[in-house]
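Chemist: Give the three-dimensional model of this entry:
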Amino acid sequence: MILQILFFVLFLFFSATSILGYGFLFNNLFLNYKIKNIGEIGLLGFFFIFFISILIHFITTLSPLINFLLLLVGAIASYFYYVRIITEVRKLKYYTYPILLICILSSVTLNTYADYEWYHLPYVNYLTNFKIIFGLVNASNNYTYGHGWLDILGLFVLPLIGSKGLTALPILFYFFFIIYFLYEYFLSKNFSIKFFSASIVFFTFITFNRLKDFGADIQPTFILIILIFYILKSLIIDEKYSFFHKIILFFFYACVLRIGSVIVIPLVIFFLI
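Modeler: From the prediction side, this is the model:
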């Protein structure tokens, strides 16, 4: 039992460092934004991992060994940004860490979310056992649901752990999301931004407080909240050019995680006008 807990903790730590590493790589290679918010870096890391998962699956299966090597690249990359990570994390108030720890521990449960065994796990098993199969949906309706989150999960099937740690990955996504708004709350001097950030943190702590509530629909919801937040910031701060790119980026991110996110197109068009 103790050994299993140790493996689980190591899995979360290894995954988190790899996600941060890929977030930094994605920003430096494609965006070149001056991002200081570690929460945003983590969320962008998930975004980059999605494309890596899709690319590798076109070529071969997402076997545990290949997944480990790919995530190891991200973990090594995060090492080169160690000083920056520590510097930015120290900007958060220390009393926020016990709050985050309590919320993470309270979300742990033995029960998986409702859709995990129904179509999430079968899709992940397909990713790890077969390279891309065109027309696979004709074999089973379980493969119909096009959630980018499932392609992300496929890259975290690792040796020794297998698929047992996958249901804990939403915790990391949730953690980076909360860190994002805590960072905005503590470092922003604008009252509206502080109020919005505090409200989001309070709302999510109340609404999403159990791991079994974290299906594939929660992640695009979080990204859409960030998109709305950037629209709010664009109305307050005179940096509309940089916010324009962020809004388009997070809109595409939400659509990748769930195609139903296109419902916010009128809001994005309104912003552009």
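
Chemist: so for the helix or strand I223 falls within, what's the average pLDDT?
Modeler: Element membership of I223 [criterion: DSSP states H and E] is helix 218-236. Average pLDDT, helix 218-236: 90.

Chemist: For that helix, buried residues please.
Modeler: 218-231, 233-234 (16 or more other C-beta atoms under 10 Å). Bear in mind the C-beta positions are built from the backbone N, C-alpha and C, glycine included.

Chemist: now, which of the residues you listed sits nearest L155?
Modeler: Each of these was checked against L155 using C-beta to C-beta; the closest is Q219, at 14.7 Å.

Chemist: Could I get the average pLDDT for stretch 72-85?
Modeler: 89.

Chemist: what about that stretch, start to end distance?
Modeler: Start to finish, the residues bounding stretch 72-85 are 18 Å apart (C-alpha to C-alpha, to the nearest Å).

Chemist: And it, what's buried?
Modeler: G74, A75, A77, S78, Y81, I85.

Chemist: Just the C-alphas of the helix holding I223, formatted as PDB.
Modeler: Provided in PDB are the C-alpha atoms of helix 218-236 (Å, rounded to 0.1, in the frame of the first residue of the first chain):
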ATOM      1  CA  ILE A 218     -14.400  20.200 -17.000                       C
ATOM      2  CA  GLN A 219     -11.200  21.100 -18.800                       C
ATOM      3  CA  PRO A 220     -12.700  23.000 -21.700                       C
ATOM      4  CA  THR A 221     -14.900  24.800 -19.200                       C
ATOM      5  CA  PHE A 222     -11.800  26.000 -17.300                       C
ATOM      6  CA  ILE A 223     -10.200  27.200 -20.600                       C
ATOM      7  CA  LEU A 224     -13.400  29.100 -21.600                       C
ATOM      8  CA  ILE A 225     -13.300  30.900 -18.200                       C
ATOM      9  CA  ILE A 226      -9.800  32.000 -18.900                       C
ATOM     10  CA  LEU A 227     -10.900  33.200 -22.300                       C
ATOM     11  CA  ILE A 228     -13.700  35.300 -20.800                       C
ATOM     12  CA  PHE A 229     -11.100  36.600 -18.200                       C
ATOM     13  CA  TYR A 230      -8.900  37.800 -21.100                       C
ATOM     14  CA  ILE A 231     -11.800  39.600 -22.700                       C
ATOM     15  CA  LEU A 232     -12.500  41.300 -19.300                       C
ATOM     16  CA  LYS A 233      -8.800  42.300 -19.000                       C
ATOM     17  CA  SER A 234      -8.900  43.700 -22.600                       C
ATOM     18  CA  LEU A 235     -11.700  46.100 -21.500                       C
ATOM     19  CA  ILE A 236      -9.700  47.200 -18.500                       C
END
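
Chemist: pLDDT averaged over the helix or strand just after that helix, what's the number?
Modeler: Going down the chain from helix 218-236, the next helix or strand is helix 240-257, by DSSP H and E. Across helix 240-257, the average pLDDT comes to 86.

Chemist: Ok, stretch 167-177 next?
Modeler: Mean predicted lDDT for stretch 167-177 stands at 87.

Chemist: burial of A254, as a residue count?
Modeler: 25 (other C-beta atoms under 10 Å).

Chemist: helices and strands around whichever helix in the chain runs longest, which ones?
Modeler: Across the chain, the longest stretch assigned as helix under DSSP state H is helix 2-26. Where contact means 3 or more C-beta pairs under 8 Å, 6 or more residues apart in numbering; DSSP states H and E, helix 2-26 is packed against helix 38-59, helix 64-79, helix 169-187.
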